[in-house]
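In: mind looking at a prediction? Sequence and model below.
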Amino acid sequence: MEDTLDYVGKPVPRKDGPEKVTGRARYTVDIRLPGMLVGGILRSPHPHARILNIDTSQARRLPGVKAVITAADTAGVKHGFVETPRYPADQDPLATDRVRFVGEEVAAVAATDPYVLAEALDLIRVDYEPLPAVFDPEEAMQPEAPEIHPSHPLVKEPFSNIAGKTETQWGDVELAFEMSDYVRQDRFESHLRTHGYLEPQATVASFEPGGKLRVWTSSQGPFIKRAKLARTLGLPYSAVRVSKAWVGGAFGGKIDLFSHEFCAALLSMKAGRPVRIEASREEIFTAYRHGQPLILEIKTGVKKDGTIMAQKIRTVNNCGANRGSGVVVIFLAWGFVMLPYRLPNLKYEGYAVYTNNPIRTPQRGHGAPQVRFAVESQLDMIAEELEIDPVEIRLKNARQSGERLPNGDNVHNCGLTQCIEKAAEHTRFREKYGEKYGRGRSQPPQTNEQTPSGSIRRGIGMGVSAYFGGSLIYPNSSSCVVKMGEEGGATLLTGAIDIGQGAETILSQIVAEELKIPVDEIQVIAADTETTPVDIGAWISGSAYVSGNAARVAATQVRRKLMHLAAEELGVPVEELDMAQKSVYMVRSPEKRLSYRQIVEASIRKRRGDSIIGEGHWRTMRDEPTHPSLASTKGRWSENYAFDVQVAEVEVDIQTGHARLIRAVTAHDCGFPINPLLVEGQIDGQVSMALGHAFMEELLMKDGRTLNPSWLDYRMPTAHNTAISEYIDVITEAYKKDAPYRTKEVGEGYVSAILGAIANAIYDAVGVRLVSTPFTPEKILRGLGKLT
Amino acid sequence: MKRLIELTVNGELHELAVEPQATLLDVLREQLGLTGTKEGCGTGECGSCTVLLAGRPVLSCLVLAMECQGQEVTTIEGLSVDGRLTPVQQAFQDRGAVQCGFCTPGMVLAATALLTENPRPSEAEIKKGLEGNLCRCTGYNKIIEAVKLAAESFNQK
């Protein structure tokens, strides 16, 4: 019998929508506790300096000041985005003897109101001895550069400031280059961008009598926050409870432990009162963690027909003053190189380099946009040289279903070829690309808005990307509990946190599907380290797969219990029963049915009141002990890979150099879209973010100081900066009742291919090849020879 | 020194003692507990703190509370009546115009003000009406669609 899907695969509106459109959704900054103090942080004004003395005595004496902390008040425990034997924790929650970037946290104060707080922060005297600083990663690598931290002991080259290195190879690249018909080497650079989450970082901490620390914080996963807070504060996990608040966007920027979280907690412990710390937007721009600009040098060898023979790649990551996720990006950059296309020979080395810039953190795509921009741009350069069209060269190299990746992973069902073909067909790519359409044409064949003058050129370009869906990083797995309610609805307990991606909605859909209960009648209790089971968090692109399967298993247990009870009550074998609309019925005579309410009553009557509860657990790569080696790439990475192709159509004004994205088409193998409406939302958001990346956004820094710390000067897309966004779902997986499903990620992969597609489209339009982001009018005019 | 002001918020009259430097946003959030109004930047750049002052959208982080003496303010909490969503709220929900939700109160109020003034806005007018409100999640397309949908239901009434 074919299962009909009632709730999964449907564009169900968000469960949290009504709360959010009415202003009732409570975010961290909306939490009010009796006696709550306001906390704030004193930050370093220097990019690199020795701390000679910190004098807090005047601040402590100010009326209204309830607690002041410096490194001397901490347990002296470091933390880090990565904490492994090779890359041990390296960040102090408050600076000890040295500061290494402008904005580094030096002291914190809790006071009765913001005015007292500001005055107290002013009264703290810190004596610094400035030290030489370095900001550019390639300068920082030089042996004579100022030392920020000693180079990693396992890196043998005589470079300074190496936070870590990823190195891997297979095949024989040199031999493969010799056997290639065409070899080229290019260098690509990307720029510094920030996440731009609308909700500022904030934490409320309340240390309660009896020794329990309650925490609400703007995060991407309560369990990792609990672990890091407990460790840095010297508390057992059981003494820290991180609870849910809605999160106003994160995009990678709220994963790691932040000093304000630690400080809010410690200040509350010292003051014995709740403390709220909210970062100002200026603090976020100047001192918080942004994305990671990469330098990529790529040498690629191909056969005449476009078959990729070998790549030799060197990546340099400006990873800021501590490791942060800098050593993860150089690992991931390898992954994003080798995923979409067959690559028989590779030599890869990536360096994460300390500089006197703020610490870096993941940013949606975590390296993929930078890598795919480079690889996809170079692929078009190669295709042009070989006179192959961009569609052909991508089809030639695209990975196919069942292929084994060089790290041993399998791509399983891979819809990349279909994505390329469908995207090309949908956009009439081959007709539009090249001489016929772009370069050399003075008038665009069509525009959706009025053409200002004859100086507009239109171009089309394609990019490919792929992304993993869930890997093994603490806490590695997700569990869920589903319990039946007296009226036949159900409650889902999940540790998943909804940061806007819709976790609560899709998990509800899965439970609804397995139990045939309307989504509205699934209540969700989420993201509380005490009352909900563990969850991997919203930052490893595995929520829909890992947490989703855990919810499915929990709901399945409930279903079995309901079916067995119904079988007993009706006196028929369970095989003769099925369920629909909150009831169990006999397949042969559907009028014989019991509602869930009746079944729950029967359970209470016959099972001494036992409730009907199910539990589910899921871990990706169940038998793997841990994540792959960041240094060598050895070990399994993921069991879910998503693939996508994006086509960009741009207009470039050859008088002003101004380029804009007109239309983006995303053809994507997302496995099975549990909620197509939410998938569209993810794609639109990523296209918009890439549009900002390509044309508008750049965090400008000079000597470690941010020059444009506001949204007036850091220009994020507004309602005027939109592109048409179209979607082609290539569905390669099925959702079946009572069977594990393999859905793929949709939250990070689509911010990447589009960037290469835009660069290629600009080239198609005006013949200007851009090898660095952003794609500014200045660079385009320079390329056109109109600026020297 | 605090000063006394009278403020009608969502139809209720409040007598409030406010610091001269307190913004309307401060008073709404901290004194009246109306936390639906969000602060994204505090410097008038993001639009998250949009409220209606005498029916017109303002950035409450840039308005001093004392300037509002005797005026009427509508916040996101004051839009829906009897628990029923307004056409704008319903359209945001139905069209997938909400993700993280932090910009949503400001967006909904900006859209409401736009449609009150101009019930049949063109796409360009919608963009103009929302230009002061940043959203990072949606890329605006679904928000613009939602405003179009809301305009249809406004006009059917």
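Out: Perfect, I can see it now.
In: going by C-alpha atoms from here, please, whenever you check contacts or count neighbours.
Out: OK.
In: anything in stretch B:130-142 near chain A?
Out: Yes - Stretch B:130-142 lies within reach of chain A by C-alpha under 8 Å from any C-alpha of the partner chain, at B:130-142.
In: not counting that stretch itself, show me its contacts.
Out: Applying C-alpha atoms under 8 Å, 6 or more residues apart in numbering or on different chains, the contact partners of stretch B:130-142 are A:196-198, A:249, A:500, A:681-682, A:684-689, A:716-720, A:722, A:724-725, B:45-48, B:95-100, B:103, B:106-107, B:110-111.
In: which residues of the stretch 651-788 of chain A lie near chain B?
Out: Within the stretch 651-788 of chain A, the residues that sit near chain B (C-alpha under 8 Å from any C-alpha) are A:677-678, A:681-682, A:684-689, A:710-712, A:716-720, A:722, A:724-725.
In: what's near enough to touch the residue of chain B found nearest chain A?
Out: Proximity of chain B to chain A (C-alpha to the nearest C-alpha) peaks at residue B:100, 3.5 Å away. Contact criterion C-alpha under 8 Å, 6+ apart gives A:246, A:247, A:248, A:249, A:498, A:499, A:500, A:501, B:137 as the residues in contact with residue B:100.
In: mind listing which of those residues are in helices?
Out: With helices taken from DSSP state H, there is no overlap with these.
In: closest to residue A:784 among the residues you listed?
Out: Relative to residue A:784, the closest of these is residue B:137; by C-alpha to C-alpha it sits at 34.7 Å.
In: pLDDT score for that closest one?
Out: Note for residue B:137: predicted pLDDT of 98.
In: how many residues are close by residue A:458?
Out: Residue A:458 is flanked by 32 other residues according to other C-alpha atoms under 10 Å in any protein chain shown.
In: mind listing what the residue lying closest to residue A:144 once chain neighbours are set aside touches?
Out: Among residues not flanking residue A:144 along the chain, residue A:160 sits closest, at 7.6 Å (C-alpha to C-alpha, 6 or more residues apart in numbering or on different chains). Residues near residue A:160 by C-alpha under 8 Å, 6+ apart: A:140, A:141, A:142, A:143, A:144, A:145, A:147, A:150, A:151.
In: now the buried members of these.
Out: Among those, the ones that count as buried by 16 or more other C-alpha atoms under 10 Å in any protein chain shown are A:140, A:141, A:145, A:147, A:151.
In: greatest separation within these: which pair is it?
Out: Among these, A:145 and A:151 lie farthest apart (C-alpha to C-alpha), at 11.5 Å.
In: for residue B:104, what are phi and psi?
Out: phi -60, psi -50 (degrees, to the nearest 10).
In: domain parsing for the chain?
Out: No chain in the question, so chain A it is. Following automatic domain parsing, one finds the domains of chain A at A:17-24+A:473-619, A:31-131+A:197-250+A:254-287, A:294-471+A:627-783.
In: try again with chain B
Out: Segmentation of chain B into domains, based on automatic domain parsing, reads B:3-78, B:87-156.
In: nearest to residue A:555, of the ones you listed?
Out: That would be domain B:87-156 among these, by C-alpha to C-alpha, at 25.9 Å.
In: gap between the closest one and the chain center?
Out: From the chain centre to the centre of domain B:87-156 is a distance of 11 Å (C-alpha atoms, centre = their mean, to the nearest Å).
In: same deal with stretch A:361-381?
Out: Distance of stretch A:361-381 from the chain centroid (C-alpha atoms, centre = their mean) equals 14 Å.
In: state the mean pLDDT of that stretch.
Out: Rounded mean pLDDT across stretch A:361-381 is 98.
In: how close does the nearest residue in space to residue A:352 that is not next to it in sequence get to chain B?
Out: What sits nearest to residue A:352 in space, not counting adjacent residues and going by C-alpha to C-alpha, 6+ apart, is residue A:317, at 4.7 Å. Distance of residue A:317 to chain B, computed by C-alpha to the nearest C-alpha, to the nearest Å: 26 Å.
In: what residues are bridge-paired with residue A:317?
Out: Applying DSSP bridges to residue A:317 yields these beta-bridge partners: residue A:294, residue A:352.
In: tally of neighbours for it?
Out: The tally of other residues near residue A:317 (other C-alpha under 10 Å) stands at 29.
In: relative to residue A:545, how far out is it?
Out: From residue A:317 across to residue A:545, the span is 30 Å (C-alpha to C-alpha, to the nearest Å).
In: again with residue A:559
Out: 20 Å.
In: now do the contacts for residue 44.
Out: I'll assume chain A. Counting by C-alpha under 8 Å, 6+ apart, residue A:44 touches A:99, A:101, A:102, A:103, A:104, A:105, A:106.
In: to clarify, I was referring to chain B.
Out: Residue B:44 makes contacts with B:59, B:61, B:62, as judged by C-alpha under 8 Å, 6+ apart.
In: any idea which element it lies in?
Out: Here residue B:44 sits in a region with no helix or strand, counting by DSSP states H and E.
In: next, name the residue at the spatial heart of chain A.
Out: residue A:364 (3.7 Å; C-alpha atoms, centre = their mean).
In: my guess is residue A:240 contacts residue A:214. True?
Out: Yes - Residue A:240 is within contact range of residue A:214, at 6.2 Å (criterion: C-alpha atoms under 8 Å).
In: please identify which of those two sits among more neighbours.
Out: When residue A:240 and residue A:214 are compared for neighbours, residue A:240 comes out ahead with 23 against 19, by other C-alpha under 10 Å.
In: tell me who's in contact with that one.
Out: Residue A:240 is in contact with A:212, A:213, A:214, A:215, A:226, A:229, A:230, counting by C-alpha under 8 Å, 6+ apart.
In: in strands, which of those fall?
Out: Among those, the members falling in strands (DSSP state E) are A:212, A:213, A:214, A:215.
In: OK, contacts around the second one?
Out: Contact criterion C-alpha under 8 Å, 6+ apart gives A:205, A:206, A:207, A:239, A:240, A:241, A:265 as the residues in contact with residue A:213.
In: list the contacts of the nearest residue to it once chain neighbours are set aside.
Out: Using C-alpha to C-alpha, 6+ apart and skipping residues adjacent in sequence, the residue nearest residue A:213 is residue A:207, 4.3 Å away. Contacts for residue A:207 were tallied using C-alpha under 8 Å, 6+ apart; they are A:213, A:214, A:265, A:268, A:269, A:272, A:273, A:274.
In: can I get the helix or strand that contains residue A:207 in PDB? Just the C-alpha atoms.
Out: Using DSSP H and E, residue A:207 maps to strand A:202-208. In PDB, the C-alpha atoms belonging to strand A:202-208 read as follows (Å, rounded to 0.1, in the frame of the first residue of the first chain):
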ATOM      1  CA  ALA A 202      22.500  39.000  24.300                       C
ATOM      2  CA  THR A 203      22.600  36.800  27.400                       C
ATOM      3  CA  VAL A 204      20.600  36.800  30.600                       C
ATOM      4  CA  ALA A 205      22.200  34.800  33.400                       C
ATOM      5  CA  SER A 206      20.800  34.200  36.900                       C
ATOM      6  CA  PHE A 207      22.700  32.300  39.500                       C
ATOM      7  CA  GLU A 208      20.000  31.000  41.900                       C
END
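In: strands paired with that strand, and their directions?
Out: Within its sheet, strand A:202-208 is paired with strand A:212-217 (antiparallel), strand A:275-278 (antiparallel), according to DSSP bridges.
In: could you point out the helix or strand that follows the last one?
Out: Toward the C-terminus, strand A:275-278 is succeeded by helix A:281-287 as the next helix or strand (DSSP H and E).
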